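Chemist: no FASTA, just this:
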Ligand SMILES: O=c1[nH]c(NC[C@H](O)[C@H](O)[C@H](O)CO)c([N+](=O)[O-])c(=O)[nH]1
C-alpha cells in the first residue's frame, strides 16, 4: 500500500495569498496568522495581493494560479452576515469561484474565507480563540507539497 500526504515543510515553496480588505479587522489578523505560519515553516517566497472584498478573490486567484509562479494560492476573506442582505450571494460565489479556479488550473487554492453571523464570531476565528489564518496556511503547505508529490 502506498500512502501519500503533503508535508508541512515550506522549503522551496512559492505561495501567493489573496486577501479581501472588507472586514479588514478580521482578514488582517488572519493574514498575520498565515504569514507567521509560512515564516515558521521556511517558505521561500510569499506574495500578498489585496483585493477590495471576497467577491474579487476568485478572479485574482485565477490570475495568480495561471501565472505558474506558485505552488499554491491561499484565499483569505471574511463574509459577515450581520446586516448584509447579499451575504449568501457573496459567500456562495466566492466558494464556487475558488473551487473552480483550483480545478481549472490544477493549482491548489485554499478556501480561507470565513463566513460568520457577526463580527464577534469572526474575531473568535481571527485571533481570540484561534487564528484560522494559521490553520488555512497549514492546509496550503500540505496541498502544495502533496501536489508536488503526485506529479
Ligand atoms: O469580503 C466581504 N465582502 C463583502 N462585500 C463586498 C464584496 O466582496 C465586493 O468587494 C463588492 O461587492 C464589490 O464587488 C461583504 N459584505 O457585503 O458584507 C462581506 O461581508 N465580506
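Modeler: Looks like it arrived, so ask away. Because the structure is a prediction, the values reported are computed rather than measured.

Chemist: C-alpha from now on. contacts and neighbour counts both.
Modeler: Will do.

Chemist: for the ligand, what are the nearby residues on the chain?
Modeler: Applying Cα under 6 Å from any ligand atom, we find that the chain lies next to the ligand at 20, 22, 52-56, 77-80, 84, 87.

Chemist: Model confidence for residue 151, exactly?
Modeler: On pLDDT, residue 151 comes in at 87.

Chemist: If you could redo that for residue 59, that was the one I meant.
Modeler: Reported pLDDT for residue 59: 98.

Chemist: Quick one: name whatever helix or strand follows the host helix or strand of it.
Modeler: According to DSSP states H and E, residue 59 maps onto helix 57-66. Counting by DSSP H and E, the element after helix 57-66 in chain order, helix or strand, is strand 72-80.

Chemist: Name the surrounding residues that touch the helix holding residue 59.
Modeler: For helix 57-66, the surrounding residues in contact (Cα atoms under 8 Å, 6 or more residues apart in numbering) are 16, 18-20, 51, 70, 72-73, 75, 94, 97-98, 101, 105, 107, 109.

Chemist: Touching, residue 149 and residue 6? I think so.
Modeler: Yes - counting by Cα atoms under 8 Å, residue 149 does reach residue 6; the two are 7.4 Å apart.

Chemist: More neighbours: those two, which one.
Modeler: A count of neighbours by other Cα atoms under 10 Å puts residue 6 above the other of residue 149 and residue 6, at 17 against 12.

Chemist: quick one: which helix or strand includes the more buried one?
Modeler: Using DSSP H and E, residue 6 sits in no helix or strand.

Chemist: What residues of stretch 33-43 count as buried?
Modeler: 33, 34, 35, 37, 38, 41, 43 (16 or more other Cα atoms under 10 Å).
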